[in-house]
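Peer 1: build me a model from this:
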Amino acid sequence: MADFGIWTKNVDIQAKAGTNANATAKAVAATDIYVLEVEAMVNVLTRYNWSDAFTAGLNADVSGILKMVTSNLCAMYVIMWDMSGFTSRIEAEDMVNILRDQALQGLSILRDKKNQDFVNGA
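Peer 2: Below is the predicted model:
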């Protein structure tokens, strides 16, 4: 099955969710649903259509930030879907917290209009 997202790949989501994450939640079909939702959410939250910009060609730095933010958010969904495979709920929650903090940092960079020249490749 192909990846449905524009910039987020299932292999990245599965790696970030970890080996203890539920296999069903990590399945390609399940993560494709998360990818579409998260990519749309990032576009709206940042008030910028990254999907079109990504297709047109973004610089590698901005592409990397987009991939990090969206794969982290999707991995959070996977972990939260079923935490029973982790050694403890605390382990799963720690993973979610780390992924969330990284995603929030990336979102703040993408939302900051002072970075717009950089984002547009100036």
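Peer 1: let me see the contact set for Y34.
Peer 2: Residues counted as contacts of Y34 (C-beta atoms under 8 Å, 6 or more residues apart in numbering) are 13, 73-74, 77-78. For glycine as for every other residue, the C-beta is placed from the backbone atoms N, C-alpha and C.
Peer 1: spatially, which two of these are the most separated?
Peer 2: L73 and V78 (10.1 Å; C-beta to C-beta).
Peer 1: pLDDT below threshold where in the protein?
Peer 2: Residue ranges of the chain with pLDDT under 70: 1-4, 29, 116-122.
Peer 1: find the residue at the geometric middle of it.
Peer 2: With distances taken as C-alpha atoms, centre = their mean, the chain has T70 as the residue nearest its mean C-alpha position (1.6 Å).
Peer 1: for A40, see how far away the closest residue to that residue other than its chain neighbours is.
Peer 2: Nearest residue to T70, sequence neighbours excluded (C-beta to C-beta, 6 or more residues apart in numbering): T8, at 4.1 Å. In this view, T8 and A40 are 11 Å apart by C-beta to C-beta, to the nearest Å.
Peer 1: ok, these two, which is more surrounded?
Peer 2: Neighbours were counted for T8 and for A40 using other C-beta atoms under 10 Å; T8 has more, 27 against 11.
Peer 1: element containing that one, please.
Peer 2: Per DSSP states H and E: T8 is located in neither a helix nor a strand.
Peer 1: shouldn't it be in contact with M41?
Peer 2: No. Assessed by C-beta atoms under 8 Å, T8 is found out of contact with M41, at 11.6 Å.
Peer 1: for the contacts of Y34, which one is nearest L58?
Peer 2: Nearest to L58 among the contacts of Y34 is L73, at 18.4 Å by C-beta to C-beta.
Peer 1: buried sites along the strand or helix carrying that closest one?
Peer 2: Element membership for L73, per DSSP H and E: helix 60-81. The neighbour-count check on helix 60-81 (16 or more other C-beta atoms under 10 Å) flags 62, 65-79 as buried.
Peer 1: repeat for stretch 37-53
Peer 2: Using 16+ other C-beta under 10 Å as the test for burial, stretch 37-53 gives 38-39, 42-43, 46, 48, 50-51, 53.
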